[in-house]
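> I'll drop the sequence and a predicted model, then ask my questions.
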Amino acid sequence: MRATDNVNIVALRELTTPRELREDLPITQKQADVVLNARKSLKNIISHLDKRMVAIVGPCSIHNEDSAVEYAEKLAKIQEKTKDKLLIVMRAYFEKPRTTIGWKGLLYDPELNGSYNMKKGLHLSRKIMLSILDAGIPIATEILDPIVPQYLTDLISWSAIGARTSESQIHRQMVSGLSMPVGFKNSTDGSLYTSAQAIKTARNPHFFFGINIDGQVALAETKGNAYTHFILRGGCLGPNYEVEHIAFAEALLRKEKIGSGIVVDCSHANSRKDYKKQSKVLDNIIEQKLSGNKSIVGVMIESFLEQGSQKIGSGRLKPNVSVTDSCIGWEETEQLLMKLAEV
Ligand SMILES: O=C[C@H](O)[C@H](O)COP(=O)(O)O
Ligand SMILES: C=C(OP(=O)(O)O)C(=O)O
């Protein structure tokens, strides 16, 4: 008989199971304390019970282990100085959603050369995450593939669903079972309606197809995630961080009877992908806070050890410069975080 399926499949290669990876690279009690303490603080910040702001800060993507750990260690020093005012969570992004095609992150292609050694990607990503926790810094990431949570979510304190997937039922139901607060970005066209629907959907219980820790296909039954919230990232029509945009987001939340605070992304379409504009967005948020705004509870900043970005395939890659969106450099990061802490 002629085959009717797998027509476009080249190979299905077995991967390490989540249990094998977790046994190979287990979380220690000290690391778990970092994860859990930050989750608790984040839940309180998002629910307006903790008056600190959250700063989700770090590179657009991680492509080098040593640089990521060095960055986390630097952040830890700022966290110590600002701990009464700010909760700092590091962007440790290993999966990148692409507008069309491109490098999909260290988890997929750890050698950054199209070899897609995903087994190595899983191992390296988890190893880097554990080292970031060793620096005492909690982790924020985007969860893109619904298979991935079983491998890594024990290490994560906050997650994002990106602009390109906030409308997806698969992602909304996945979030309903995640153990940490999750922000939904507005869609790339700037619509807040889809993320408002996502916030609501993920707060409900769901039944769906998943995998368990042994990689076995499973029927997942979830409770619903009470800590979902907006992330305003701007859209193709322009930014959405100014007073009138925040007021619109607040009105949507009121209409849906959702009490969670709002996180503003200073990067992406809010900075028109120009890292030099992130400080302008942050200044505006600081002004709004000083004028009495209560709904904004956090900011996201794309920052790395060195400013700017570089293209994969353009020669030898620098370890300290982003290989995806451009980032502000370390000096500016420190200044912006200190400024935010003064609010
Ligand atoms: O944050 C990173 C990028 O904005 C996102 O992954 C999309 O990137 P692309 O438009 O370069 O594919
Ligand atoms: C891809 C990202 O953002 P967005 O979904 O807003 O484009 C990101 O934060 O890395």
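Perfect, I can see it now. Ligands and ions are numbered 1, 2, ... in the order given.
> what residues are up against the residue nearest to Ile286 when sequence neighbours are not counted?
Nearest non-adjacent residue to Ile286, counting by Cβ to Cβ, 6 or more residues apart in numbering: Val343, 5.4 Å away. Every residue, glycine included, has its C-beta placed from N, CA and C. Listed by Cβ atoms under 8 Å, 6 or more residues apart in numbering, the contact set of Val343 reads 53, 85, 286, 289-290.
> again, but for Val148
95, 107.
> please tell me how far it sits from ligand 2.
Counting by Cβ to the nearest ligand atom, to the nearest Å, the separation of Val148 from ligand 2 is 15 Å.
> coming back round to it: and the contacts of Val343, which two are the farthest apart?
Lys85 and Leu290 (13.6 Å; Cβ to Cβ).
> looking at the two, which is more packed in?
Neighbour comparison, Lys85 and Leu290: the larger count goes to Lys85, with 16 against 10 (by other Cβ atoms under 10 Å).
> next up, the contacts around that one.
52-53, 340-343.
> kindly report the same for Glu334.
Taking Cβ under 8 Å, 6+ apart as the test, what Glu334 contacts is 74, 78.
> ligand 1 contacts on the chain?
Contacts of the chain with ligand 1, taken as Cβ under 6 Å from any ligand atom, map to 60, 96-99, 102, 268, 324-325.
> hmm, try it at 5 Å
60, 96-99, 102, 324-325 (Cβ under 5 Å from any ligand atom).
> counting neighbours, what do you get for the nearest residue to Leu252 once chain neighbours are set aside?
Excluding the flanking residues, the one nearest Leu252 by Cβ to Cβ, 6+ apart is Ala196, at 4.7 Å. Ala196 is flanked by 20 other residues according to other Cβ under 10 Å.
> I figured Ala196 hits Lys257, correct?
No - in this structure Ala196 lies outside contact range of Lys257 using Cβ atoms under 8 Å: 11.2 Å.
> tell me which element the residue nearest to Leu252 falls in.
Using DSSP states H and E, Ala196 maps to helix 193-202.
> how near is Pro18 to Asn113?
26 Å (Cβ to Cβ, to the nearest Å).
> pLDDT at the closest residue to Lys289 other than its chain neighbours, what is it?
Excluding its sequence neighbours, the residue lying closest to Lys289 (Cβ to Cβ, 6+ apart) is Val343, at 4.9 Å. Model confidence at Val343, expressed as pLDDT, equals 85.
> so who does His171 touch?
By Cβ under 8 Å, 6+ apart, the contact list for His171 reads 143, 146, 161, 165, 198.
> how is the residue nearest to the second one when sequence neighbours are not counted assigned, secondary-structure-wise?
If the residues on either side of it in the chain are set aside, Pro146 comes closest to Met174, at 4.7 Å by Cβ to Cβ, 6+ apart. Secondary structure state of Met174, per DSSP: H, G, I helix; E, B strand; the rest coil, is helix.
> same question, Ala218
Per three-state DSSP, the local secondary structure of Ala218 is strand.
> swap in the one 5 residues further on?
Three-state secondary structure (criterion: three-state DSSP) places Lys223 in coil.
> tell me where this protein has strands.
In the chain, the strands defined using DSSP state E lie at 53-58, 86-91, 139-142, 158-161, 182-185, 207-211, 217-221, 228-232, 262-265, 296-302.
> give me the most central residue, this structure.
In the chain, the residue lying closest to the centroid (Cα atoms, centre = their mean) is Thr141, at 3.0 Å.
> got the residue ranges for the helices in the stretch 1-150 of the chain?
18-24, 29-46, 65-82, 118-134, 149-152 (DSSP state H, counting those that start in this stretch).
> who touches the first one?
The set of residues that contact helix 18-24 without belonging to it, under Cβ under 8 Å, 6+ apart, is 16, 122-123, 126, 150-151, 154, 211, 213-215.
> sounds good, over and out.
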